[in-house]
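1. can you look at this prediction? I've put the sequence above it.
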2 protein chains.
Amino acid sequence: MAQITSTDLYRILLAARPVGAPKLSDFRAETAPVPQAGEGEFLVRIIWLSLDPYMRGRMDDAKSYADPVPIGGVMEGGAVGEVIASNQTGFQVGDFVNGAFGWQSHAISNGEMVRKLDPNLAPISTALGVLGMPGLTAFVGLNDHGRPKAGETLAVSAATGAVGSVVGQLGKAYGLRVVGVAGGADKCAYAVDELGFDACIDHRAAPDGKALRKDLASVCPDGIDIYFENVAGKTLEAVVPLMNVGGRIPVCGMIAWYNGGGLGAGVTAGVNLLPQVWRTILTRRLNVRGFIIFDHYDRFPAFVQEVSGHIQSGAVKYRESIAEGLEAAPEAFIKLLEGGNFGKQLVAVSPDPTRA
Amino acid sequence: MAQITSTDLYRILLAARPVGAPKLSDFRAETAPVPQAGEGEFLVRIIWLSLDPYMRGRMDDAKSYADPVPIGGVMEGGAVGEVIASNQTGFQVGDFVNGAFGWQSHAISNGEMVRKLDPNLAPISTALGVLGMPGLTAFVGLNDHGRPKAGETLAVSAATGAVGSVVGQLGKAYGLRVVGVAGGADKCAYAVDELGFDACIDHRAAPDGKALRKDLASVCPDGIDIYFENVAGKTLEAVVPLMNVGGRIPVCGMIAWYNGGGLGAGVTAGVNLLPQVWRTILTRRLNVRGFIIFDHYDRFPAFVQEVSGHIQSGAVKYRESIAEGLEAAPEAFIKLLEGGNFGKQLVAVSPDPTRA
């Protein structure tokens, strides 16, 4: 990659559409002069970039809920930065802002869909995680689509991820039995010891969906009332037979299937899962509800009010996994899709003046 | 089978659990003396027996929403009959009644879960179809789970069946575009010409799910907002890609999968449909809702009030397919599962004194 000088804009483009898991060669870095803010615009120095599984979908040319990133286009992504030049009366130099600024070191904005952050309220990086889109996703999915009732059992996959960790901790705050599924003994220990989950199953220790089902059944003596779906694959295969009558499945993501290819690693071979899943939906009267957080921004005020309180009280904790430098973003993203992150995945693009 | 005298009770038992499609040998007929009504009981002479796809599930030993019929037990089923002896003050000789009397010529009841019928309001056989459980299923599934809005497109499989025909006609009454899927040109012509559907696709003319999807797409220019699921199999495969954002799928049945086996006839070979279906649920924010009518009996009064009005106005029509004699029930049931019926499948067990 080219040498970078601090006066350059540095950005990461989509070089090729991935076939299966993305490779480093699917990305391309380039530098350019830092642009100037025009009339009514301001210039942002990016501090934190968010990496999220949904970005995998944008790399495909398939019909989805948003347009794909074009080949040669800047990778999309939410970020937090500082205004360093402004011709926009609503945004002053020194303001911290959150917006869809993309995988780059600097961005020009007119302020549309940009939110100002108060660094005294919470660390500005939380605007990308526990107090940002992942937290809102957890809040809306669990409350509006999961409709939890105290005493019920909640299962959540990707349990220590940016969304799953908030889902589980909110579940505990609401009086649910919370069972996580995560990849690795360290993540499971963290879910139970730090986040307060009642149990957490390591899906990497289960060779297939059937084994995972047994592990899950052993910690869900009363079955599962809510399955917060982040992963699909063998976790879905394991959970479905344990769902109780009247159960709810908010479908937030399916990371096991983002990279394409059959039913995903570990799903019992030769089994067509759809008839079994469809039959269970009928006989157990399940409510399966896909949702995309873009449809639910109206819930942001209620979310921030409740969850910032939980953070202050210690009921909701969060963990960040930080990749250093924008040039590390592609590798960190590839790792994220493999479950290699531990906590909300961020990229430290430039120094955060609010951190000690 | 044994000779039957009119003074005998005649009944049909489950002889063996079917493997795949039921065979005649899975049923067994027997005669017995007509039982006497005890204290607080009454004796019913069965006139009409209802045959419904859900009965296939009761023949399996699998966990479902209701207990299986035991081997050697009387086949379960709703029926309409006349009280011919009574020691129950609430029920008089000559009353017409509807209850889960089973596949038999006579039944003893204490009146629990039995409903009296007024033969002047509608033909008593309609208590098993358009004004009975199938009609209520259509009403609840479309209204409560489909949440229709005028101008939307509704697709319904098994379109001329007892449930589907009411779903589609209610859809037209609510101002929807209604597209049926049925097996055979005669059924499709009936759906359009008699029931007033906007279009009906003959799934037998489509060799597989992909072909069926093209046929459906051609009559759903604005996509599908509600898919009322009675069938699954290749119809499900065809419908899913056409679902609009925010679409609803009330799951009422899956007749293509009741007889076991993989994905059912005509599903594109080698395709595991679950990832595609799950992905569409997410990206189109679908709401898939399984339901069993037993949970919704509280909706009966609202249903009868609305649908009896539609019948009187001619907005809702119905058609019956009648097998003559209880001994014909097994064959008629096997045919029903193959789609060989045309309209609500009934068995004429004994003469209906209210019919001309």
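-> Perfect, I can see it now.
2. so where do the helices sit in the stretch 151-300 of chain A?
-> A:164-173, A:185-193, A:209-219, A:233-239, A:255-258, A:273-283, A:300-313 (DSSP state H, counting those that start in this stretch).
3. out of those, which is closest to B:G290?
-> The closest of those to B:G290 is helix A:273-283. By CB to CB, the value is 4.0 Å. Heads up, the C-betas are built off the backbone N, CA and C, glycines and all.
4. that closest one near chain B at all?
-> Yes - interface with chain B: helix A:273-283 contributes A:L273, A:L274, A:P275, A:V277, A:W278, A:R279, A:T280, A:I281, A:L282, A:T283 (CB under 8 Å from any CB of the partner chain).
5. give the buried residues for that helix.
-> Buried residues in helix A:273-283, counted by 16 or more other CB atoms under 10 Å in any protein chain shown: A:L273, A:L274, A:P275, A:V277, A:W278, A:R279, A:T280, A:I281, A:L282, A:T283.
6. neighbouring contacts of it?
-> A:236-237, A:240-241, A:243, A:263, A:267, A:286, A:288, B:57, B:63-65, B:232, B:236, B:251-254, B:257, B:262-264, B:272-274, B:277, B:288-292 (CB atoms under 8 Å, 6 or more residues apart in numbering or on different chains).
7. distance from the centroid: which residue in chain A tops it?
-> Going by CA atoms, centre = their mean, the residue of chain A most distant from its centre is A:E39, 34.5 Å out.
8. check contacts around the nearest residue to that one once chain neighbours are set aside.
-> Of all residues not flanking A:E39 in the chain, A:N87 sits nearest, at 5.8 Å (CB to CB, 6 or more residues apart in numbering or on different chains). By CB under 8 Å, 6+ apart, the contact list for A:N87 reads A:A37, A:G38, A:E39, A:G40, A:E41, A:F42.
9. so which of these is the most crowded?
-> Neighbour counts for the contacts of A:N87 (other CB atoms under 10 Å in any protein chain shown) peak at A:F42, which has 25 neighbours.
10. for A:A100, see how far away the residue nearest to A:E39 is.
-> 20 Å (CB to CB, to the nearest Å).
11. on that earlier part again, out of the contacts of A:N87, which sit inside strands?
-> If you go by DSSP state E, the contacts of A:N87 have A:F42 in strands.
12. partners of A:L154 in the sheet?
-> Note on A:L154: beta-bridge partners by DSSP bridges are A:V178, A:I226.
13. count the neighbours of it for me.
-> Number of residues near A:L154 (other CB under 10 Å) recorded here: 27.
14. close enough to count as contact, it and A:G171?
-> Yes - between A:L154 and A:G171 there is a contact at 4.3 Å, judged by CB atoms under 8 Å.
15. close to chain B: what parts of the stretch 251-356 of chain A are there?
-> Going by CB under 8 Å from any CB, the residues of the stretch 251-356 of chain A near chain B are A:251-254, A:257, A:262-264, A:272-275, A:277-292, A:295.
16. identify the contacts common to A:L154 and A:G171.
-> Here A:L154 and A:G171 have A:L142, A:P148, A:V178, A:I226 as joint contacts, going by CB under 8 Å, 6+ apart.
17. next up, the contacts around the last one.
-> It stands for A:I226. So A:I226 contacts A:142, A:146-148, A:152-155, A:171, A:176, A:247-250 (CB under 8 Å, 6+ apart).
18. now render those as a markdown table, adding distance to B:V83 and pLDDT.
-> What follows is the contacts of A:I226, written out as a markdown table (distance: CB to CB, whole Å; pLDDT from 0 to 100):
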| residue | distance to B:V83 | pLDDT |
| --- | --- | --- |
| A:L142 | 53 | 98 |
| A:G146 | 48 | 98 |
| A:R147 | 45 | 98 |
| A:P148 | 48 | 98 |
| A:E152 | 45 | 98 |
| A:T153 | 47 | 98 |
| A:L154 | 50 | 98 |
| A:A155 | 51 | 98 |
| A:G171 | 54 | 98 |
| A:L176 | 50 | 98 |
| A:G247 | 41 | 98 |
| A:R248 | 44 | 98 |
| A:I249 | 46 | 98 |
| A:P250 | 50 | 98 |
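19. quick check: which ranges of chain A have low pLDDT?
-> Residue ranges of chain A with pLDDT under 70: A:1-6, A:260-271.
20. domains in chain A, by residue range?
-> Annotated domains of chain A cover A:8-128+A:319-348, A:133-294 [automatic domain parsing].
21. just so I know, which of these lies nearest B:D8?
-> Across the domains of chain A, B:D8 has its closest neighbour in domain A:133-294 (36.6 Å, CB to CB).
22. and the end-to-end length of the closest one?
-> From its first residue to its last, domain A:133-294 covers 9 Å (CA to CA, to the nearest Å).
23. thought A:H203 was touching A:A211?
-> No - assessed by CB under 8 Å, A:H203 is found out of contact with A:A211, at 9.4 Å.
24. of these two, who's got more company?
-> Per other CB under 10 Å, whichever of A:H203 and A:A211 has more neighbours is A:H203, with 30 against 16.
25. who are the neighbours in contact with the more buried one?
-> Contacts of A:H203 were listed using CB under 8 Å, 6+ apart, and they are A:S157, A:V181, A:A182, A:G183, A:L212, A:K234, A:T235, A:G266.
26. I'd say the fourth one and A:G339 touch.
-> Yes - when contacts are counted by CB under 8 Å, A:G183 is listed as touching A:G339 (4.2 Å).
27. who in the stretch 101-250 of chain A is up against chain B?
-> Residues of the stretch 101-250 of chain A lying near chain B by CB under 8 Å from any CB: A:A232, A:L236, A:V245.
28. measure the first one to A:R285 for me?
-> A:A232 sits 21 Å away from A:R285, going by CB to CB.
29. quick one: which of those two has more around it?
-> More crowded of A:A232 and A:R285, by other CB under 10 Å: A:A232, with 26 against 22.
30. kindly state the beta-bridge partners for A:L13.
-> Taking DSSP bridges as the rule, A:L13 bridges to A:R28, A:V74.
31. next, count neighbours for it.
-> 19.
32. one more: A:Q36?
-> Quick note: A:Q36 (other CB under 10 Å) scores 10 neighbours.
33. distance check, it against chain B.
-> According to CB to the nearest CB, to the nearest Å, A:Q36 and chain B sit 38 Å apart.
34. quick check: closest non-adjacent residue to A:R177.
-> Using CB to CB, 6+ apart and skipping the chain neighbours, the partner closest in space to A:R177 is A:T153 (4.5 Å).
35. surely the one you found touches A:D225?
-> Yes - the criterion here is CB under 8 Å, and A:T153 meets it with A:D225 at 5.3 Å.
36. now do the shared contacts for these two.
-> By CB under 8 Å, 6+ apart, A:T153 and A:D225 have these common neighbours: A:N244.
37. now the angle from the host helix or strand of A:L346 to helix A:164-173?
-> Using DSSP states H and E, A:L346 sits in strand A:344-348. Here the directions of strand A:344-348 and helix A:164-173 differ by 140 degrees (axes from the mean of the first three to the mean of the last three CA atoms, to 10 degrees).
38. need the contact partners of strand A:344-348.
-> A:47-52, A:125, A:128-130, A:134, A:161-162, A:318-326, A:328-329, A:332-333, A:336.
39. before we move on, the earlier item: quick check: phi and psi on the residue farthest from the centre of chain A?
-> When read as degrees, to the nearest 10, the backbone of A:E39 gives phi -60, psi 130.
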